[in-house]
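Chemist: Sequence and predicted model, in that order:
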There are 2 protein chains.
Amino acid sequence: MGDDSPDAWVQRNPAQWRHGKTNAECPVDLLGNSYATPADLMFIRSHGPVPRLDSSHTIQINGLVEKPATFTVGDLKTRFPTRKVWSALVCSGSRRKELNIIKHGGGHIDWHSAVGNGEWEGVYLRDVLLSLGVSQDFAVAKHVEFEGADTHSSGYRTSVPFATAFDPAGEVLLAWGLNGEALPPDHGFPLRVLIPGVTGARSCKWLTRITVQSEDTDHHMHKNYYKVLPPHIMSPKGHMEEILAVPPLYDININSVVFDPPTGTPAVAGPLKVRGYAYCGGGRPVERVEVSLDGTTWVQSTFTEQRRTAAGKMFAWVWWETTVDFDPAQHRELVVRAWDSHINTQPERPIWNYNGMMNNCQFRLKVGPSDKGALEWQHPTTWMEKPATAKL
Amino acid sequence: MGDDSPDAWVQRNPAQWRHGKTNAECPVDLLGNSYATPADLMFIRSHGPVPRLDSSHTIQINGLVEKPATFTVGDLKTRFPTRKVWSALVCSGSRRKELNIIKHGGGHIDWHSAVGNGEWEGVYLRDVLLSLGVSQDFAVAKHVEFEGADTHSSGYRTSVPFATAFDPAGEVLLAWGLNGEALPPDHGFPLRVLIPGVTGARSCKWLTRITVQSEDTDHHMHKNYYKVLPPHIMSPKGHMEEILAVPPLYDININSVVFDPPTGTPAVAGPLKVRGYAYCGGGRPVERVEVSLDGTTWVQSTFTEQRRTAAGKMFAWVWWETTVDFDPAQHRELVVRAWDSHINTQPERPIWNYNGMMNNCQFRLKVGPSDKGALEWQHPTTWMEKPATAKL
């Protein structure tokens, strides 16, 4: 994102970790500074330079609706009630670096933790669709397609099931605000869709069109990518038919990460306070988060922050913390696992997949030697890089 | 369920495995005989002898509705459209025997596989609530309580979140039929609620009352039981406050079980056809089922049967099958894991919990010696009972 980039006009926070020209993330340690991730630290995943739009930009809504219409953000603000929704935003490839260390696949961005959380502001897509006379027959209206003003040569389109877009408890937003301010250009100014609980790739930025339709989108990024491929697929070559048959990712899985202690913290005997975040997709509450020093006995953590919707859905991350009694003579790791309200939990070990998607293995800190030979806590992306301990 | 029982008048299939007087399950091998589990083989979990009801039995609907009303099944059939929904029914304690072999907890029924699948017939609870002028404000109507005509001394009541009961894609039924016939007495004749994707304990039988309310039910079975307790709770004693704070079970987790080969099948070299079922809660589709002979490489199975709703939800089990090349010189086990559309999968090993609830560990057949010394396939409830191999 240097000065020669067509989006050099975009203001950015230099504290972010950059991944190539169009992608960036918040350093893991900073994620623990505020429950609402500052907009200028929220991870950025864009498929090209940011389009330069202003408030006259319009969004067209058509397809299986009686009255197709075109709105500016101003029109939406005037015609529909303003809503606020707390929701995490999660990249399908968050924690990919751990998988890429095992074996580098087709997901090029080595994300540590492409996750943020905030209060989004906009109008319910449901309210807008109802006002346009949308078909409410699930046998007819099966998908909702979103198109962005992306500058990428093939553009960007994606879709979600109609039942998701229209769920009265789902709180899908046409969003113009984040944490009380206008969306920054990197996050879709002037308008994006925000689909709480669904992987970030579906929350299309710089919205130009929404279409209610009978099929999912045919855009190549939706059909070919943003999927968890079965582990025998080591490369797309020769597997295209199989890949097309894999369902696209929608709801995200249960996950938890430690932001405190950060990697490199001295590992000293005594009480150790551990803090982190956890989230689940589909509005399913995170039920509990457990920490273990031996992989067998688990200490229950306490939620220090959480948000639920009136309907009881949880789209925001939870913050959890607990204190464990660390003894360097006994303990070599610290492991975290979260449980969702389905009673799904995180796998003990990473399950590699070609695109490096949706890694939600237990978050495992190791006690290792620092450069000066003292003991320190190391996050997976630190200890996994050391050849001597890289084997899983 | 002997002749001295007050429900000796109920006709039952002697092929079922009985667990005490009021509970029974379909032998695992027979689950693979038909995609729709015959009503007289569907598992039975009752908290007392079956109440003797007839078609004049009424159900009252009240609480946060403008027009409380009382209906017979005949009234429901006349006033609302009849709906059919394919759904699995799953006991929270299914596969508990595997956990009880590790350590016997507070779940007394040693279920092998308390699961069945069928086509349920009734009316949508949503349609009925809409006709009565239910509050549609999620901040007001938070739970729906169901009461059964159970003969148990403290009766039976339970509840689900209003967003679940009222979900337009959730297809919650007031059901009078299963697989084209009237519900048998053991399954709630004349009327039960059937909440697809939610643990069986919420699908209250012998319905007498439904109340839309602002709180969940205060019934002791709901508040104290049907919960997955954290692993440090080895007995309720001294933990009651903690237990009350654990959320009740609703949506079930991803699970898969082999019904073919059944336990005791000779393990011989060559192609081995493997068949089973898999399901997930909350309407989330089972995305794939994988089989491994070495715990590292996985063969993808094919779905031979599945059902989805018009909205794309999957409440029924899927049937899957694949063929693996078994070599007794190399292979000592056969493991199955399923993935849901959230990209949650099954834990490698059982995670014990006091009530023995929601065990969904990978289903693991072992190759072991038969009584005659030949090699045979053994299901977990067989190999785990052998002291020499009981350690996990």
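Modeler: Ah, there it is.

Chemist: List the contacts of stretch A:72-86.
Modeler: For stretch A:72-86, contacts defined as Cβ atoms under 8 Å, 6 or more residues apart in numbering or on different chains pick out A:55-59, A:71, A:117-124, A:127-128, A:131, A:171, A:173-174, A:176, A:190-191, A:194, A:196, A:307, A:309, A:315-316. Bear in mind the C-beta positions are built from the backbone N, C-alpha and C, glycine included.

Chemist: let me fix that: stretch A:196-203
Modeler: Under Cβ under 8 Å, 6+ apart, the answer for stretch A:196-203 is A:45, A:85, A:87, A:89-92, A:114, A:146, A:158-160, A:164, A:170-173, A:192-195, A:221, A:226, A:249-252, A:280-284, A:313, A:315, A:358.

Chemist: any idea how chain A splits into domains?
Modeler: A:17-245, A:255-384 (the TED database).

Chemist: can these go into TSV with extra columns for mean pLDDT, mean neighbour count and distance to residue B:366?
Modeler: Formatted as TSV, those follow (pLDDT from 0 to 100; neighbours: other Cβ atoms under 10 Å in any protein chain shown; distance: least, Cβ to Cβ, whole Å):
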stretch	mean pLDDT	mean neighbour count	distance to residue B:366
domain A:17-245	97	20	23
domain A:255-384	97	20	20
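
Chemist: Please convert those domains to CSV, extending it with distance to residue B:80.
Modeler: Listed next are the domains of chain A as CSV, based on distance: least, Cβ to Cβ, whole Å:
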stretch, distance to residue B:80
domain A:17-245, 17
domain A:255-384, 24
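
Chemist: out of those, which comes closest to residue B:21?
Modeler: For residue B:21, the closest of the domains of chain A is domain A:255-384, at 28.8 Å, according to Cβ to Cβ.

Chemist: Between the two ends of the closest one, how far is it?
Modeler: Chord length of domain A:255-384, first to last residue, is 19 Å (Cα to Cα, to the nearest Å).

Chemist: How about the contacts made by the residue of chain A most remote from its centre?
Modeler: Here the centre of chain A is the reference, and by Cα atoms, centre = their mean the most remote residue is residue A:329, at 37.6 Å. The contact partners of residue A:329, taken as Cβ under 8 Å, 6+ apart, are residue A:269.

Chemist: before we move on, what about the one 10 residues further on?
Modeler: With contact set as Cβ under 8 Å, 6+ apart, residue A:339 has these partners: A:254, A:286, A:287, A:288, A:289, A:290, A:345, B:228.

Chemist: Quick one: residues contacting the first one.
Modeler: Counting by Cβ under 8 Å, 6+ apart, residue A:254 makes contact with A:278-280, A:284, A:286, A:338-340, A:344-346, A:360, B:342, B:344.

Chemist: Need the residues you listed in TSV (columns: distance to residue B:273).
Modeler: TSV is the format used below for the contacts of residue A:254 (distance: Cβ to Cβ, whole Å):
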residue	distance to residue B:273
A:278	41
A:279	40
A:280	36
A:284	35
A:286	40
A:338	37
A:339	35
A:340	34
A:344	29
A:345	31
A:346	32
A:360	32
B:342	29
B:344	27
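
Chemist: any chance of these in a markdown table, plus secondary structure and distance to residue A:272?
Modeler: Shown next, in a markdown table, are the contacts of residue A:254 (DSSP: H, G, I helix; E, B strand; the rest coil; distance: Cβ to Cβ, whole Å):
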| residue | secondary structure | distance to residue A:272 |
| --- | --- | --- |
| A:278 | strand | 18 |
| A:279 | strand | 23 |
| A:280 | coil | 26 |
| A:284 | coil | 29 |
| A:286 | strand | 22 |
| A:338 | strand | 19 |
| A:339 | strand | 22 |
| A:340 | strand | 26 |
| A:344 | coil | 27 |
| A:345 | strand | 23 |
| A:346 | coil | 21 |
| A:360 | coil | 24 |
| B:342 | coil | 31 |
| B:344 | coil | 29 |
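
Chemist: Quick check: closest non-adjacent residue to residue A:277.
Modeler: The spatial neighbour of residue A:277 that comes closest, neighbours along the chain excluded (Cβ to Cβ, 6 or more residues apart in numbering or on different chains), is residue A:317 at 4.4 Å.

Chemist: Can you name the residues that contact the one you found?
Modeler: Contacts of residue A:317 (Cβ under 8 Å, 6+ apart): A:88, A:115, A:117, A:277, A:278, A:279, A:286.
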